[in-house]
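Novice: Fold the stuff below for me.
(one chain, ligands or ions: 2)
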Amino acid sequence: MGAPLYAAGQRKGAAVQKQLPEIPFAALITSDAPIAANAHGGRAKCLQRLVRLDLPVPCTVALSFDAVRGIAEGQMPELATILGEFPDDALLCVRPSSEDPDWGGPGAVLNVGMNDARYVDLCDSMGAQAAAALYLRFVQSYAVHVARLDPDVFDAVSEDGPEALGLILQAYEAETDEAFPQDRGEQLAAVLRSMARAWDGTTARLLRQAKGAPVDAGLGLVVQEMVPGLGQGECGSGVLQLINSQTGKPQITGRYLSQSQGRDALGAGAAALYLEQDPRGPALADVAPAAFADLKSHAALMRQRLREAMQVEFVIENGHVHILDGVRVARSARAAVRIAVALAEDGIISPQEAVMRIDAHSLNELLHRQVDPLATREVIGTGIAASPGAATGRLVFTAAEAQASASRREPCILVRRETSPEDIRGMHAAVAVLTEKGGITSHAAVIGRGLGLPCIVGASSLKFLSKEKQLVTTEGRVFKAGDIVTIDGSSGEVLAGQPAMLEAALDDAFQTLMGWADAERDIGIRANADTPADAQLARNFDAQGIGLCRTEHMFFEPGRLTVMREMIFAETSFGRAAVLARLLPMQRGDFYELFRIMAGMPVCIRLFDPPLHEFLPTTRTGQRELSEALGIPVRDVTRRVEEMGEYNPMLGLRGVRLGVTVPEIYDMQARAIFEAALDASKEGAPVVPEIMIPLVSAKREVELVKARIDAVAAAVKSERGVEFDFRLGVMVETPRAALRAADIAPHTAFLSFGTNDLTQMTYGLSRDDAGRFMSDYVRQEVFAEDPFHVLDVEGVGELLKLGVQRGRESNPGVTLSICGEHGGNPESIAFCRAAGFDYVSCSPFRVPVARLAAAQLAIAHMLAGELPASA
Ligand code: PEP
Ligand code: MG
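Specialist: Ligands and ions are numbered 1, 2, ... in the order given. All right, here's what the predicted structure looks like:
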């Protein structure tokens with residue numbers, strides 16, 4: 001192999017530039033060749049960048065997407081021109097080059113051009129063993145990928161070296177009835193054709209689409225001169241990167257294997273060398289110190305100039321380094337953050353670019369809870385740890401059950417044999433997913449990681465009895481639908497019950513990135529938080545306050561439910577007020593805790609919302625217990641429960657309708673809020689509480705409730721002898737409230753759009769029942785997406801826009817926000833920002849996602865020359 005390998009630019013570049021325009025499908029990769037990622041793929045573009053850095057890259061020709069499409073359709077280009085770029089005796093390799101390297105592509109084929117004659121030559125120059133290894137590798141991959149033979153065909157061959165080569169060539173001939181092709185052009189044509197066609201296979205298509213590739217994504221191919229990695233002197237191949245893929249911290253990682261090719265070093269186990277000196281075994285730094293030093297400096301240069309942490313694929317040929325390829329280092333979400341932050345801190349990219357580089361959805365992966373390492377783990381089954389984080393919930397066995405469970409706000413674990421796209425909405429609704437089948441790239445695993453949902457796949461140690469809705473352990477223990485289990489998607493263990501959890505650790509790089517994001521963001525982010533634990537999470541995630549505290553959950557706590565029921569059973573206003581007086585200190589304590597934790601930040605408390613009968617016992621036993629507690633006959637309890645039943649409770653006596661008809665509840669809550677705010681202000685930062693009225697549909701409702709709340713405020717001020725401020729707001733959850741926002745806004749300091757109910761009422765679609773048919777609706781494209789998950793910008797969005805416009809016109813100072821589940825969804829945030837909302841409020845775990853997404857919107861709009869949202 002006498003001809004220079006990688007001086008392509010100097011060697012033939014000029015000539016080729018003249019030749020190749022006639023063949024627009026291919027270009028020799030030189031510094032100034034017209035190579036583009038969207039025409040030739042990311043790998044081709046990256047190789048060009050490496051050539052521009054004067055790195056020792058072997059001669060490479062890039063085939064365009066169009067060329068590869070043509071090849072798949074049977075139009076083989078004129079190969080002589082491509083082959084003319086390489087020395088006559090050069091071996092070649094063909095690698096995929098998709099637009100985004102993450103979309104994958106067919107496996108590389110090495111040593112194209114090996115034939116009997118080259119084998120004889122190479123036996124002389126590098127020895128029979130090495131020459132046979134090169135030929136063997138090619139025959140085997142040609143047989144499997146091109147001739148489509150079963151790999152088992154070669155199982156019988158246990159030898160290696162020349163004997164094995166003979167046997168394998170014989171096996172090839174026996175299976176195909178043809179001699180192994182000897183012509184390099186014929187070999188190359190067949191390899192190109194098989195790779196081009198593999199790209200169109202169903203599995204490849206589904207896999208890349210799961211990673212976000214468009215339906216018509218193209219594949220480029222690169223044909224590169226082989227540096228064999230076998231032969232005399234120190235020869236071998238390996239990969240090197242300067243950071244740890246899991247943590248993102250600086251650490252030289254990778255492996256090197258003498259006398260090897262491709263990525264063999266990574267699968268070679270103990271035979272492979274470490275790169276840096278390592279107490280665990282020999283290292284490349286000992287064997288070839290100069291090559292190791294070159295590699296490190298090449299990798300550092302690539303980081304600096306390609307502005308990215310890169311993995312270097314290299315070959316050492318008799319002590320000399322060749323760079324075959326550079327790929328973006330594969331990374332966990334946590335590592336991605338650290339890498340981007342380090343690049344910005346080193347001045348290689350700007351902080352804004354670091355913010356733009358992180359996929360907001362991927363933060364979920366960093367933010368999930370983990371099982372406390374000190375907790376007792378009762379392992380009932382194991383599988384593949386497919387998506388990190390841990391979650392506890394009740395077992396459900398269908399996507400519809402998962403959606404129903406989510407609408408009841410009951411965390412659930414979706415258990416399926418394997419998942420399909422029809423399960424997506426169920427996966428959205430579940431806190432974790434467990435499947436019997438599948439591997440790390442199966443549907444459940446890919447989607448689970450995308451959603452940041454803890455996921456275990458291939459849990460075949462458990463028996464999945466889907467019809468019976470049961471899981472059976474190897475010991476015969478049965479877990480039924482509704483039983484509580486924990487999925488540890490980081491370890492792959494299924495645990496019985498609910499072990500202690502640790503919240504996500506948010507490291508310094510994460511905090512730095514979020515600080516940069518906050519500096520760019522022009523829309524506020526608050527959290528929906530009902531409990532002190534939620535509020536603490538909101539603080540940890542740097543929410544700018546609580547945008548929605550649903551107070552009804554507080555009444556379900558032990559010791560309070562019976563008092564609540566007594567209140568509901570009270571016959572008179574006086575009797576009701578007396579029972580509510582017992583609930584007052586409990587509520588005051590709840591609110592005080594929230595105010596204390598939020599330390600002066602705004603806390604928006606929603607007055608009682610659900611229908612009262614949700615608190616009444618439905619079972620005989622429950623009703624008997626209540627009759628004992630109240631000292632009234634069980635018959636009376638049953639009668640009252642029946643009387644309170646409603647045909648359509650979500651459209652019945654709930655929300656502000658309770659405030660109007662049973663006003664004592666809101667009186668008590670307002671008093672508890674004011675007293676707690678005063679107590680918290682005494683001890684810390686002053687608190688200006690926000691009180692929100694749910695389910696408003698008419699101005700008069702607001703006037704009536706406001707009058708009573710003002711009266712309570714006046715009473716508390718005079719009792720305590722202090723002045724205080726508060727803000728009263730309205731939840732816009734009915735279409736009428738949005739349409740009549742102009743009437744309502746003058747009476748209110750803020751309007752907060754509850755898009756869960758607003759979606760329900762706009763569509764006339766029950767939140768609790770839609771799960772049963774949502775999959776059908778989305779599959780048949782009635783809805784593009786589940787509107788409870790992704791904001792329906794056309795319909796519900798129009799109401800939001802009308803509400804915003806009419807509300808602002810009649811009260812320019814009114815604060816506007818959204819507090820439905822959509823508040824944490826990056827696409828919905830884009831809508832809210834464009835519509836001029838002041839803030840969005842979402843569940844605490846979504847807060848960082850929302851902060852980052854909002855910053856990315858602001859930066860993108862600034863780059864596009866737009867004014868900030870608030871301007
Ligand atoms: C809403 O309806 O959007 C909302 C936030 O309230 P809830 O989900 O409690 O009904
Ligand atoms: Mg609501």
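Novice: what's the longest helix in this protein?
Specialist: Assignment by DSSP state H gives helix 573-598 as the longest helix of the chain.
Novice: mean confidence for that helix?
Specialist: Helix 573-598 shows an average pLDDT of 94 in the prediction.
Novice: mind listing what the nearest residue to residue 616 once chain neighbours are set aside touches?
Specialist: What sits nearest to residue 616 in space, not counting adjacent residues and going by C-beta to C-beta, 6 or more residues apart in numbering, is residue 641, at 4.8 Å. For glycine as for every other residue, the C-beta is placed from the backbone atoms N, C-alpha and C. Counting by C-beta atoms under 8 Å, 6 or more residues apart in numbering, residue 641 touches 613, 616-618, 623.
Novice: picking up where we left off before, run the chain-centre distance for the longest helix of the chain.
Specialist: 40 Å (C-alpha atoms, centre = their mean, to the nearest Å).
Novice: follow-up on the earlier one: show me what counts as buried in the helix or strand harbouring the residue nearest to residue 616.
Specialist: Element membership for residue 641 (DSSP states H and E) is helix 634-644. Neighbour counts over helix 634-644 (16 or more other C-beta atoms under 10 Å) mark 637-638, 640-641, 644 as buried.
Novice: Go through these and say which is closest to residue 511.
Specialist: residue 644 (49.9 Å; C-beta to C-beta).
Novice: I'd guessed that closest one sits against residue 617; true?
Specialist: No: in this structure residue 644 lies outside contact range of residue 617 using C-beta atoms under 8 Å: 11.6 Å.
Novice: on that earlier part again, now for the longest helix of the chain, which elements pack on it?
Specialist: Using 3 or more C-beta pairs under 8 Å, 6 or more residues apart in numbering; DSSP states H and E, the elements in contact with helix 573-598 are helix 532-540, strand 546-550, helix 561-569, strand 603-606, helix 664-683.
Novice: hmm, who's touching the helix or strand following the shortest one?
Specialist: Scanning forward in sequence from strand 603-606 by DSSP H and E, the next helix or strand is helix 620-630. Outside helix 620-630, the residues that touch it by C-beta under 8 Å, 6+ apart are 562, 565-566, 569, 616-617, 633-634, 636-638, 641.
Novice: picking that back up, adding distance to ligand 2 and pLDDT, write the buried residues of helix 634-644 out as CSV.
Specialist: Conversion of the buried residues of helix 634-644 to CSV gives the following (distance: C-beta to the ion, whole Å; pLDDT from 0 to 100):
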residue, distance to ligand 2, pLDDT
637, 29, 90
638, 30, 92
640, 26, 87
641, 24, 89
644, 20, 87
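Novice: filter those by proximity to ligand 1?
Specialist: With C-beta under 6 Å from any ligand atom as the criterion, the buried residues of helix 634-644 include none near ligand 1.
Novice: low-confidence ranges in the stretch 751-871 of the chain?
Specialist: Scanning the stretch 751-871 of the chain for pLDDT under 70 picks out the ranges 771, 866-871.
Novice: at 90 instead, please
Specialist: 766-779, 781, 784-790, 820-825, 843-846, 864-871 (pLDDT under 90).
Novice: Return the nearest residue of it with respect to ligand 2.
Specialist: Residue nearest to ligand 2 within the stretch 751-871 of the chain: residue 757 (3.6 Å; C-beta to the ion).
Novice: Pull the number of nearby residues for the closest residue to that residue other than its chain neighbours.
Specialist: Using C-beta to C-beta, 6+ apart and skipping the chain neighbours, the partner closest in space to residue 757 is residue 733 (3.7 Å). Residue 733: 27 surrounding residues under other C-beta atoms under 10 Å.
Novice: My read is that residue 733 contacts residue 754, right?
Specialist: Yes: here residue 733 reaches residue 754: they are 3.8 Å apart, a contact under C-beta under 8 Å.
Novice: what's the nearest residue to the closest residue to ligand 2 within the stretch 51-200 of the chain if we skip its chain neighbours?
Specialist: With C-beta to the ion, the shortest gap between the stretch 51-200 of the chain and ligand 2 falls at residue 102, namely 38.9 Å. Closest residue to residue 102 apart from its sequence neighbours, by C-beta to C-beta, 6+ apart: residue 211 at 5.4 Å.
Novice: residue contacts, residue 701?
Specialist: By C-beta under 8 Å, 6+ apart, residue 701 lies in contact with 656-657, 659-660, 693.
Novice: how about 10 Å then?
Specialist: Contacts for residue 701 (C-beta atoms under 10 Å, 6 or more residues apart in numbering) come out as 655-657, 659-660, 693, 695, 730, 737, 744, 747.
Novice: Which one of those residues is nearest to residue 809?
Specialist: Taking the contacts of residue 701 together and measuring to residue 809 by C-beta to C-beta, the closest member is residue 744, at 12.2 Å.
Novice: name the helices or strands packed onto the helix or strand hosting residue 510?
Specialist: Using DSSP H and E, residue 510 falls within helix 508-520. Packing contacts for helix 508-520, counted by 3 or more C-beta pairs under 10 Å, 6 or more residues apart in numbering; DSSP states H and E, involve helix 333-345, helix 351-357, helix 363-367, helix 847-863.
Novice: one more time with 6 Å
Specialist: Helix 508-520 is packed against helix 333-345, helix 351-357, helix 847-863, with contacts defined by 3 or more C-beta pairs under 6 Å, 6 or more residues apart in numbering; DSSP states H and E.
Novice: for the shortest one, the distance to its chain's centre please.
Specialist: What it means is helix 351-357. With C-alpha atoms, centre = their mean, you get 18 Å for helix 351-357.
Novice: How much space separates the spatially most distant residue from the centre of the chain from residue 567?
Specialist: The centre of the chain is farthest from one residue, residue 633, which by C-alpha atoms, centre = their mean lies 54.7 Å away. Look at residue 633 and residue 567: by C-beta to C-beta, to the nearest Å, they are 19 Å apart.
Novice: partner residues bridging the closest residue to ligand 1 within the stretch 451-600 of the chain?
Specialist: Distance from ligand 1 to each residue of the stretch 451-600 of the chain (C-beta to the nearest ligand atom) is smallest for residue 550, at 5.2 Å. Beta-bridge partners for residue 550, by DSSP bridges, are residue 606.
Novice: which stretches of the stretch 101-250 of the chain form strands?
Specialist: 109-112, 219-225, 236-243, 250-258 (DSSP state E, counting those that start in this stretch).
Novice: repeat for the stretch 751-871 of the chain
Specialist: 815-818, 839-842.
Novice: export the last one as PDB, just CAs?
Specialist: Coordinates of each C-alpha in strand 839-842 appear next as PDB, following Å, rounded to 0.1, in the frame of the first residue of the first chain:
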ATOM      1  CA  TYR A 839     -46.200  32.900  33.600                       C
ATOM      2  CA  VAL A 840     -47.000  29.200  33.200                       C
ATOM      3  CA  SER A 841     -47.400  26.900  36.200                       C
ATOM      4  CA  CYS A 842     -46.700  23.200  36.000                       C
END
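Novice: Not counting its own residues, what contacts that strand?
Specialist: Strand 839-842 is contacted from outside by 524, 526, 528, 547-548, 817-819, 823-824, 829, 832, 850, using C-beta atoms under 6 Å, 6 or more residues apart in numbering.
Novice: what's the answer for stretch 372-382, then?
Specialist: Residues outside stretch 372-382 that contact it (C-beta under 6 Å, 6+ apart): 459, 461-462, 473, 492-496, 499-500, 502.
Novice: pull the CA atoms of it into CSV?
Specialist: What follows is stretch 372-382, C-alpha atoms only, in CSV (Å, rounded to 0.1, in the frame of the first residue of the first chain):
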residue,chain,number,x,y,z
ASP,A,372,-32.8,5.4,48.2
PRO,A,373,-29.6,3.2,48.2
LEU,A,374,-30.2,2.6,51.9
ALA,A,375,-33.8,1.4,51.4
THR,A,376,-34.8,-2.3,51.8
ARG,A,377,-35.4,-3.6,48.3
GLU,A,378,-37.8,-6.5,47.9
VAL,A,379,-37.0,-7.6,44.4
ILE,A,380,-39.8,-9.6,42.7
GLY,A,381,-38.4,-9.6,39.2
THR,A,382,-35.7,-8.2,36.9
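Novice: on that earlier part again, hey, what's the angle from the helix holding residue 641 to helix 620-630? Just curious.
Specialist: 110 degrees (axes from the mean of the first three to the mean of the last three C-alpha atoms, to 10 degrees).
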